[in-house]
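Participant: kindly return the folded structure for what I paste below:
(chains A and B)
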Amino acid sequence: MGQPYHIRSFCSIQQETILLNGKPVFKSEQEDFGAFAKEAYQFLTIKYPKFFKMDHLSKLAFLTANLVLDKENITPDEPSNTALVFANSASSLDTDRKHQESIKNKDNYFPSPAIFVYTLPNICLGEISIKYKLYTENSFFIFDSFQPQKLIAYTKGLLDSKKAENVLCGWVEFDGKTYKSFLYLVSAKGTLEHTEETILKLYNA
Amino acid sequence: MSNVFLSHNNIISALGFSSEANVQKIHDEITGLQVVSNETLLNEPFCSSLVNQTLLEKKFQNLHPKGQFTRLEKMMIASLSPVISASEIELDTKVGFLISTTKGNIDVLDKNSPFPTERAYLSALGRTLKIFFGFANEPTIVCNACVSGILSVAVAKQYIQQGLYDHVFIVSGDLVTEFILSGFNSFQALSKSPCKPYDKNRSGINIGEVAASILVTKDEKKLAKESVQILGTGSCNDANHISGPSRTGEGLYRSVLSALGDSKIDPQEIDFISAHGTATMYNDEMESIAFNRLGLSKTPLNSLKGYFGHTLGASGLLETIVGVHSLNNNTLYASIGYEELGVSLPINVIQKTEEKNLNVFLKTASGFGGSNTAALFKKII
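Facilitator: Model (predicted):
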C-alpha cells in the first residue's frame, strides 16, 4: 500500500548523552535532567528563552526535535509540512505529580496554571509546533512500551494522503529520574528503510 | 481505499446509560448540569454533570467483574461492553482497541485513593481494559488533550485503511476530579452556573464526565441502523500558544480544510456543525472566526457542552455519537444555554430542536497544546 518511505535523520537522548544519526553530539556529567538540559541548550546555542518555562517532558522532546529538524534544514523561516507523531508510556505523569503536590494539602493549596497546562503530554508537540511554525497534524499516543508498527501505520496514512510531507515520529518518555527520547524523520527521501526492524534497531542502539 | 463506518455505540452520562437515552434527553432539552457542593473535589460549589454512582455500580456488577476496578474503569467497561455484544465480533488479531482519555485514573494519585498510584499510568488503564474484554491486540491510547475523542476516530480510520485492522473498538472517558477542577479553577475558567456556549452572557466552562464507545469498521455487514460513513478527517496545530487558541482560528480553519479535502466534498454540503463551544470567550470567538473564514457562518451549529459540560478527552467521541443520531433522526438539536450572539462574527447557533433532512455533519474540537481536529460524516443511503 502506498509508496515506500524512508528515515532521514534520527536522534536519541538518554543518560546525559545525545546521539544524532548514531554519532555522539553531546555528553554531560549532570545527572539532574534540568541541569543537563540547560547545558545541552547552551552547547547547541538554541536561543529560545521559552525553553526555560517548559516542563521536563517538553524540554526533552524539544531538544530532540531541534536536533533532527535542524539537521534536515527544516526551519521556521520556511515552514514545512512536517507532522508530529509521538508516543510514550508515562504520559505527563512527571508534571501530574507536581500538580498533585500543589493540591494535596487544603491548608497549603497552590495549583498553578503554569504547571497545570503541562499535565498533558501533547503540550510538547505544541511547543515544537510553535517554534518551527508547524501548522500540522499532532498526535500523542500512549503504549505500554515502544510499538513501531502502530506509528508506522499512522505515519504512512499521513504521508499517503498527502496530509504531511514529513513526519517526525518517535518516543519521548520522562518519568521520575529516568528519561529517554528517540525521534526520527520519515519522508519519501532518505537512506534508511521505514520498517519496524530498522526502527527497533535504531531505538535499541 | 475501503470505506470506513461508525457503527454500534454507547454513551454513559448523567443523562442516561445508552446513546438513545442520552439523545432523548437532548431532544427534550434536558441538561445533566447541576450545581455540586463537594469539598473533596473543590472548596467551593461548582457546576457539573456527574454519572450516577448507584446506577453505575449496578450496571457494572451485572457484568460479573473479577478484581478491583476504579470508577473510570467501571464507566469505560460498562460503556464498551454493550457495544462489543451488539457487534457480534470476535476479538481476534484483526480487531484493534483504542482508548481516548486525557487524564485516565489520575484520581488514584490522591492520598485517600484505595488504589496504588501505579494505576495512574495510562498504560495500566489500557492493560486492565484489554484483559477484561480479552482483546488480542495491545491498546493504543490517544492522549491529545481535548481533541482526543475525535482524533481517536481519525486514528481508527487510518489503522483500518492501512490494513492494520478490520474493526476498531474505541472507548473514551474522563472523570471529574479534584486534579482537573483545581487546574481549571486556577485558570479562573470555571462557571458556577450551567455554561452558555457562544452566548453574550457566557460565564466560563463546566467540567463534566462521561464514557462513550463506538465500533469503527469497514465491514458493511457489521453496521447499526444509525451507522454513518467517515468521509474524512483533518488535524492541524495552531502553532501559536500552548494554553490559548489562535486569534485567527488558524489550526481549526486548516483542520476543516484538510477534512474537506480528504472527504472530497464542498463546504455547502455540510448540513450542520457539531462544534466545540466550551463557553470560554477565547474558544468561542476563535471558532466564529474559523467558521467565517470557511464560509460556514450560515451552517446550523451546536455545542453540546450545555448538556454535559466539557468532558475533556471523551467530548469529541460523545459529541460525534450524538451527531450520528442527529443524522439518523433527521433532527437538529438545540444548543442549550444560548440566547444572544456573543461572538464578533455571525454564526448560526441552533436555538430550537427541529426536524430537518440531514446527510452530512462536521465535528470539530480544539484543545490545549494548540490542537484542533475536524471530521466529516455522511449518512448511508
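
Participant: what residue ranges in the chain score low on pLDDT?
Facilitator: No chain was given, so I picked chain A. A:1 (pLDDT under 70).

Participant: go again with 90.
Facilitator: A:1-3, A:77-80, A:177, A:205 (pLDDT under 90).

Participant: do the stretch 251-381 of chain B as well
Facilitator: For the stretch 251-381 of chain B, the ranges with pLDDT under 90 are B:381.

Participant: from it, which residue is nearest to chain A?
Facilitator: Closest approach of the stretch 251-381 of chain B to chain A (Cβ to the nearest Cβ) occurs at B:G369, with a separation of 3.5 Å. For glycine as for every other residue, the C-beta is placed from the backbone atoms N, C-alpha and C.

Participant: wait, doesn't that residue sit right on B:S148?
Facilitator: No. Contact criterion Cβ atoms under 8 Å: B:G369 and B:S148 do not qualify, at 10.9 Å.

Participant: up against chain A, what does the stretch 51-200 of chain B have?
Facilitator: Residues of the stretch 51-200 of chain B found near chain A (Cβ under 8 Å from any Cβ of the partner chain) are B:102-104, B:106, B:109-111, B:120-123, B:126-127, B:138, B:140-145, B:151, B:155, B:158-159, B:161-164, B:178-179, B:182-187.

Participant: of those, buried ones?
Facilitator: B:102-104, B:106, B:109-110, B:120-123, B:126, B:138, B:140-145, B:151, B:155, B:158-159, B:161-162, B:164, B:178-179, B:182-187 (16 or more other Cβ atoms under 10 Å in any protein chain shown).

Participant: what comes up buried for stretch B:80-100?
Facilitator: B:80-84, B:87, B:89, B:91, B:94-100.

Participant: and B:S213, how many residues sit next to it?
Facilitator: For B:S213, the neighbour count with other Cβ atoms under 10 Å in any protein chain shown is 28.

Participant: what's the answer for B:K200, then?
Facilitator: 11.

Participant: who's in contact with it?
Facilitator: Applying Cβ atoms under 8 Å, 6 or more residues apart in numbering or on different chains, we find B:K200 in contact with B:339-342.

Participant: before we move on, what about B:F133?
Facilitator: Going by Cβ under 8 Å, 6+ apart, B:F133 touches B:77, B:80-81, B:84, B:91, B:97.

Participant: for it, grab phi and psi.
Facilitator: Here is the backbone geometry of B:F133 (degrees, to the nearest 10): phi -90, psi -20.

Participant: how near is it to B:V95?
Facilitator: Separation of B:F133 from B:V95 (Cβ to Cβ, to the nearest Å) stands at 10 Å.

Participant: put the buried members of the contacts of B:K200 into a ChimeraX selection.
Facilitator: Buried subset of these, written as a ChimeraX selection, criterion 16+ other Cβ under 10 Å:
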select /B:342
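
Participant: so which of the contacts of B:K200 comes closest to A:I46?
Facilitator: B:G342 (41.6 Å; Cβ to Cβ).

Participant: how near is that closest one to B:S152?
Facilitator: For B:G342 relative to B:S152 (Cβ to Cβ), the value is 31 Å.

Participant: do B:S371 as well
Facilitator: Distance from B:S371 to B:S152, by Cβ to Cβ: 13 Å.

Participant: just so I have it, where are all the strands in chain A?
Facilitator: A:6-14, A:17-20, A:23-27, A:82-88, A:138-142, A:166-175, A:178-187, A:192-193 (DSSP state E).

Participant: just give the nearest non-adjacent residue to B:H8, would you?
Facilitator: Closest residue to B:H8 apart from its sequence neighbours, by Cβ to Cβ, 6 or more residues apart in numbering or on different chains: B:A86 at 4.3 Å.

Participant: that neighbour contacts B:L80, doesn't it?
Facilitator: No. Judged on Cβ under 8 Å, B:A86 makes no contact with B:L80 at a distance of 10.8 Å.

Participant: separation between B:T70 and chain A?
Facilitator: 16 Å (Cβ to the nearest Cβ, to the nearest Å).

Participant: contacting residues around that residue?
Facilitator: Contact analysis of B:T70 by Cβ under 8 Å, 6+ apart lists B:105, B:107-108, B:115, B:119.

Participant: and what of B:K352?
Facilitator: B:A334.

Participant: all helices for chain B, in order.
Facilitator: B:19-27, B:53-61, B:71-87, B:122-133, B:148-161, B:178-186, B:250-263, B:281-293, B:305-308, B:315-328 (DSSP state H).

Participant: between those, which gets nearest to B:V228?
Facilitator: helix B:315-328 (5.2 Å).

Participant: next, the angle helix B:19-27 makes with that closest one.
Facilitator: For helix B:315-328 against helix B:19-27, the angle by axes from the mean of the first three to the mean of the last three Cα atoms, to 10 degrees is 80 degrees.

Participant: report the angle between helix B:315-328 and helix B:148-161.
Facilitator: 70 degrees.

Participant: circling back to that earlier point, adding neighbour count and pLDDT, write the contacts of B:T70 out as JSON lines.
Facilitator: Formatted as JSON lines, the contacts of B:T70 follow (neighbours: other Cβ atoms under 10 Å in any protein chain shown; pLDDT from 0 to 100):
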{"residue": "B:N105", "neighbour count": "25", "pLDDT": "98"}
{"residue": "B:D107", "neighbour count": "23", "pLDDT": "98"}
{"residue": "B:V108", "neighbour count": "21", "pLDDT": "98"}
{"residue": "B:F115", "neighbour count": "18", "pLDDT": "98"}
{"residue": "B:R119", "neighbour count": "22", "pLDDT": "98"}
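
Participant: which two among the residues you listed are spaced furthest apart?
Facilitator: Maximum distance among those (Cβ to Cβ): 9.3 Å, for B:D107 and B:R119.

Participant: on that earlier part again, just the closest of the contacts of B:K200 to B:E287, please.
Facilitator: Checking those against B:E287 with Cβ to Cβ, the nearest one is B:G342 at 11.8 Å.

Participant: follow-up on the earlier one: reformat the strands of chain A as a markdown table; add distance to chain B and mean neighbour count.
Facilitator: Below are the strands of chain A laid out as a markdown table (distance: least, Cβ to the nearest Cβ, whole Å; neighbours: other Cβ atoms under 10 Å in any protein chain shown):
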| stretch | distance to chain B | mean neighbour count |
| --- | --- | --- |
| strand A:6-14 | 17 | 22 |
| strand A:17-20 | 24 | 18 |
| strand A:23-27 | 26 | 13 |
| strand A:82-88 | 8 | 26 |
| strand A:138-142 | 4 | 27 |
| strand A:166-175 | 9 | 26 |
| strand A:178-187 | 14 | 23 |
| strand A:192-193 | 17 | 15 |
